[in-house]
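Peer 1: Sharing a model prediction with you, sequence too.
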Amino acid sequence: MAKTKQKGPAQVVEPGGPEKDEGTAPPPVRKAPPPKRKPDPNPLPPPRGWHGPGGGQIGNLDPPTMWRATTVQACGLWPFAAGSGAPMTGVPLGQHLYTGATVCGDPLSWFTRAHYISNPSLFMLGMPGLGKSTLINRMLIGLAATGVVPLVLGDLKPDYADTVRALGGQIISIGRGAGGINVLDPGSMGAAAQKIGGEAGRILAADAHGRVLNVVAALITIVRNRPMDDHEQSVLSAALHHLRERTPAGQAPLLPDLLRVLTEGPDRVRAVTLDRGDDTRYRNAVDPLHRSLLGILDGPLGDTFASETSTRIDLNATAVCIDISRIGEADTQLTAAAMLAAWSDGLGTVAASHALADAGLAPRRWFFTVLDELWRPLRAASGIVDRIDALTRLNRTLGLGDAKITHTLKDAEALGTDSDRAKARGFVERAGMVVVAGLPRQEMEDLGRVIGLSRREIELVSSWSSPPGWAAHGDREEPPGRGRFLIKVGGRPGIPLKVAITDTERHLHDTNKRWVSNEAAAAKAAQLRKITDGEPGGRWGS
């Protein structure tokens, strides 16, 4: 019988592929080795440097250099060019501390062109020696280049006389033996009233009479250390009217002439005293006023205000500085009187310029006034507080921008009366822009309650008031906060900036002149003469 051969296990054949035996493993696949690369002759280092000793590894990367240009110049860099938030309207002040962008600004440009502020005024606070007046000096130079007329009505140190002289402006010195102001002289307002004529000229002449009356009353207030009585102001006004009518055209009366009128007692003056024909009643009414005027002439103010004005303000001057630095620090009465007379004469010049422009007799001009070391005139007399208070409310109408500089808010607390303290605190509240240099933390906390400062802004500005380290030495060492400022406008975030001055500005605005040797002072004076005279090597920015 034949044997049948058994078949083996069934084989599974995968479609489209070779048959696979379930009992055998596929052979391993060997990959070809990668091709050998030639070493790079110039290998690029990692962004932070090579690891290991000597590799140059760093923990921080410097930011790339930033450039600023107009859209015409930078259009080819798009989309890699980006705008910044720093304002570009006004005088170039410095660089933004965080972005490096140029920061521009001044009260007039931000009021007239940019419309950032509703009041063309600036209030600056900061510790001494941090560059407050240097920043204002830069604004003064920049505005003068645009046609604005800087007016420094009472330079106490002086800080701005050299700059005004370099700008081709007018320097007027006031002090014993240096020059004086005739407070009865209507000045530019009287000359403008005669030139305009008609109803407009009569109105301007009446305004000039009011300014003369106010400044004489202010001088009497300084001598008495109390305000005048209301009936005395009526007598004074009548005497000034009578004196003006009796003075020939083109001349100005003097304070001795006013005393002569009170002595003679004309009918116009007697009428306001209600003397009713009784000479005794008249003398009783005018004697207190007579004694106060004698106190001005024979007292500490006589040498400065008893004679004719030594130099009148020129309406066409490019800049004006009334220098009262020759008045001693302790002579508070004369300082207050000189400040009041300077402000009256300067603001009268502004009013005369605008009146001539309204009549079509002169081009329209804008003005920028600077009141540095505000604490000193504020403490000298209460009349200054009222005059500055009126200026901060009316400077838009006057076509006038102003900058007021002081150290801290506590300067207002040192005033004599609650009324004066309240008025002085209002200067900061009404300022269109507030600029803050280094201040202690407590001062910044107080200021923050007035203008609204964030915690970060308070910490930043407080750090600028720190002194340099103990190891600092050399004449180039500066406090860490010098030249750093924070600009606040309303509720906007503050703009921190750093100001770097040129050599020319350093020569023009040196507040440490008394701390150099005679040889160094002579060298600086020679360089300053080159700048003022426009000689080679002495021009701006050299």
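Peer 2: That came through fine. None of the values given here were measured: they were computed from a predicted structure. Numbers count the residues shown, from 1 in each chain.

Peer 1: Against Ser121, how distant is Leu415?
Peer 2: In this structure, Leu415 and Ser121 are 20 Å apart, going by CB to CB, to the nearest Å. Quick note: C-beta positions are derived from backbone N, CA and C, even for glycine.

Peer 1: nope, Phe367 is what I was after
Peer 2: In this view, Phe367 and Ser121 are 13 Å apart by CB to CB.

Peer 1: circling back to that earlier point, who has more neighbours out of Leu415 and Ser121?
Peer 2: More crowded of Leu415 and Ser121, by other CB atoms under 10 Å: Ser121, with 26 against 19.

Peer 1: residue contacts, the more buried one?
Peer 2: The contact partners of Ser121, taken as CB atoms under 8 Å, 6 or more residues apart in numbering, are 107, 392, 395, 401-404, 430-433.

Peer 1: Dump those residues to a markdown table, plus neighbour count, secondary structure and pLDDT.
Peer 2: Shown next, in a markdown table, are the contacts of Ser121 (neighbours: other CB atoms under 10 Å; DSSP: H, G, I helix; E, B strand; the rest coil; pLDDT from 0 to 100):
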| residue | neighbour count | secondary structure | pLDDT |
| --- | --- | --- | --- |
| Pro107 | 26 | helix | 94 |
| Thr392 | 20 | helix | 59 |
| Asn395 | 23 | helix | 53 |
| Gly401 | 29 | strand | 90 |
| Asp402 | 26 | strand | 89 |
| Ala403 | 28 | strand | 90 |
| Lys404 | 23 | strand | 88 |
| Arg430 | 14 | helix | 83 |
| Ala431 | 24 | coil | 87 |
| Gly432 | 23 | coil | 89 |
| Met433 | 24 | strand | 93 |
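
Peer 1: so where's the stretch 251-400 of the chain shaky on pLDDT?
Peer 2: Under the criterion of pLDDT under 70, the regions of the stretch 251-400 of the chain flagged as low confidence span 377, 380-384, 387-397.

Peer 1: ok, now the stretch 51-200 of the chain?
Peer 2: Applying pLDDT under 70 to the stretch 51-200 of the chain flags residues 59-61, 71, 74-84.

Peer 1: Please enumerate the helices of it.
Peer 2: Under the criterion DSSP state H, counting those that start in this stretch, the stretch 51-200 of the chain contains helices at 71-74, 107-112, 132-145, 161-166, 187-196, 198-224.

Peer 1: How about Leu130, nearest residue that isn't a chain neighbour?
Peer 2: For Leu130, ignoring the flanking residues on the chain, the nearest one in space by CB to CB, 6 or more residues apart in numbering is Ala437 at 4.3 Å.

Peer 1: likewise Arg376?
Peer 2: Residue nearest to Arg376 in three dimensions, not counting chain neighbours: Leu156, with 6.1 Å by CB to CB, 6+ apart.

Peer 1: just to revisit the earlier point, hmm, the residue nearest to Leu130 is touching Met124, no?
Peer 2: Yes. The pair Ala437 and Met124 passes the contact test of CB atoms under 8 Å, sitting 7.2 Å apart.

Peer 1: if I look at those two, which residues touch both of them?
Peer 2: Contact with both Ala437 and Met124 is made by residues Lys132, according to CB under 8 Å, 6+ apart.

Peer 1: helices or strands next to the helix or strand where Arg260 lies in the packing?
Peer 2: Under the criterion DSSP states H and E, the helix or strand holding Arg260 is helix 255-264. Contacting helix 255-264 under the criterion 3 or more CB pairs under 8 Å, 6 or more residues apart in numbering; DSSP states H and E are the following elements: helix 230-246, helix 279-298.

Peer 1: For the ones you listed, give me JSON lines that also has distance to Thr309 and mean neighbour count.
Peer 2: Written out in JSON lines, the entries for the helices and strands packed on helix 255-264 read as follows (distance: least, CB to CB, whole Å; neighbours: other CB atoms under 10 Å):
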{"stretch": "helix 230-246", "distance to Thr309": "16", "mean neighbour count": "17"}
{"stretch": "helix 279-298", "distance to Thr309": "16", "mean neighbour count": "16"}
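
Peer 1: In TSV: these, plus distance to Arg113.
Peer 2: Putting the helices and strands packed on helix 255-264 into TSV (distance: least, CB to CB, whole Å) gives the following:
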stretch	distance to Arg113
helix 230-246	42
helix 279-298	45
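
Peer 1: and of these, who's closest to Ala166?
Peer 2: Ala166 lies closest, by CB to CB, to one member of those: helix 279-298, at 36.1 Å.

Peer 1: Okay, angle between the closest one and helix 255-264 too, please.
Peer 2: What separates the directions of helix 279-298 and helix 255-264 is an angle of 170 degrees, with axes from the mean of the first three to the mean of the last three CA atoms, to 10 degrees.

Peer 1: what does helix 279-298 rub up against?
Peer 2: Under the contact criterion CB under 8 Å, 6+ apart, helix 279-298 has outside partners 219-220, 223-224, 228-229, 231-232, 235-236, 255-256, 258-259, 262-263, 265, 269-270, 273-275, 302, 305-306.

Peer 1: Try it again at 6 Å.
Peer 2: Under the contact criterion CB atoms under 6 Å, 6 or more residues apart in numbering, helix 279-298 has outside partners 219-220, 223-224, 232, 235, 255, 259, 262, 265, 270, 273, 275, 306.

Peer 1: again with stretch 139-159
Peer 2: With CB under 6 Å, 6+ apart as the test, stretch 139-159 has contacts from 91, 106, 133, 160-161, 167, 319-325, 339, 342-343, 346, 365-370, 372-373.

Peer 1: hey, where'd the strands end up in the stretch 401-542 of the chain?
Peer 2: For the stretch 401-542 of the chain, the strands defined by DSSP state E, counting those that start in this stretch cover 433-436, 484-488, 495-498.

Peer 1: and the first one, what does it pack onto?
Peer 2: Yep, that's strand 433-436 we're talking about. Packing contacts for strand 433-436, counted by 3 or more CB pairs under 6 Å, 6 or more residues apart in numbering; DSSP states H and E, involve strand 121-125, strand 484-488.

Peer 1: Turn those strands into a markdown table, including distance to Gln57.
Peer 2: Shown next, in a markdown table, are these (distance: least, CB to CB, whole Å):
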| stretch | distance to Gln57 |
| --- | --- |
| strand 121-125 | 45 |
| strand 484-488 | 33 |
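
Peer 1: Buried deepest among those, which one?
Peer 2: Each of these was assessed for mean neighbour count using mean count of other CB atoms under 10 Å. The highest is strand 121-125, with a mean of 25.

Peer 1: which neighbours does it have in its sheet, and in what orientation?
Peer 2: Strand 121-125 has the following sheet partners, assigned by DSSP bridges: strand 400-406 (parallel), strand 433-436 (parallel).

Peer 1: centre of the chain versus the helix holding Arg260, how much separation?
Peer 2: 42 Å (CA atoms, centre = their mean, to the nearest Å).

Peer 1: Then stretch 97-116?
Peer 2: Stretch 97-116 has its C-alpha centroid displaced from the chain centroid by 13 Å (CA atoms, centre = their mean).
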